[in-house]
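1. here you go, sequence then predicted model.
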Amino acid sequence: IRSLRLHSRGASLNNIYDPFAGKIVIKPFAYSVMPDAHLWLKKADSFILKYCSTSPLVEPPDFCEHIRANFRRMISDPKPMETLFPGGRSRVYKRHELTGQWILEMDDSSDEKKQKWL
């Protein structure tokens, strides 16, 4: 999700890690879906490397799949302020103590736990 910020209006790099809370916080942002996003999903790795990388010879093995994942997310969530950041809420992740994976915290601002993405 944070990579999609580069497709947003006023794109800028942001520090998303809160060292005091030990959490990742992705603040709300909007983007416009690229009209040909679905076509990028079908492109060969060599094409993606040529047009999406500044250093194609040293990209990690999952670079092309990461780019495709960005386009899939863009297609599946064309209105991020409604689907990814409802109510203008940030997405907050906390590291799981046992697995080390980042887990999205659920919104518990009401009496009942809502099963919505932050």
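-> Sure, I can see it.

2. ok, longest helix in this protein?
-> The helix of greatest length in the chain, counted in residues with DSSP state H as the criterion, is given as helix 63-76.

3. okay, which residue is most central for the protein?
-> Among the residues of the chain, the smallest C-alpha distance to the mean C-alpha position (C-alpha atoms, centre = their mean) belongs to I1, namely 0.4 Å.

4. check whether that one really touches V25, as I assumed.
-> No - with contact defined as C-beta atoms under 8 Å, I1 and V25 do not form a contacting pair (11.8 Å). Backbone N, C-alpha and C define where each C-beta goes, glycine included.

5. what touches both of the two?
-> Residues touching both I1 and V25 (C-beta atoms under 8 Å, 6 or more residues apart in numbering) are R91.

6. tell me where the model's unsure across this structure.
-> Low-confidence regions of the chain, defined here as pLDDT under 70, cover residues 2, 5-13, 107-118.

7. hang on, the earlier thing: from the middle of its chain, how far away would the longest helix of the chain be?
-> For helix 63-76, the distance between its averaged C-alpha position and the chain's averaged C-alpha position is 9 Å (C-alpha atoms, centre = their mean, to the nearest Å).

8. that one: which residues count as buried?
-> Residues of helix 63-76 classed as buried: 63-64, 67-68, 70-71, 73-74 (neighbour count, 16 or more other C-beta atoms under 10 Å).

9. follow-up on the earlier one: please name the nearest non-neighbouring residue to the residue nearest to the centre of the chain.
-> Counting by C-beta to C-beta, 6 or more residues apart in numbering, I26 is the residue found nearest to I1 once chain neighbours are left out, at 5.9 Å.

10. wait, the one you found sits on P80?
-> No - look at I26 against P80 with C-beta under 8 Å: they stay out of range, at 10.5 Å.

11. pull the contacting residues for K94.
-> Each residue near K94 by C-beta under 8 Å, 6+ apart is listed here: 22-23, 102-103, 105.

12. noted, bye for now.
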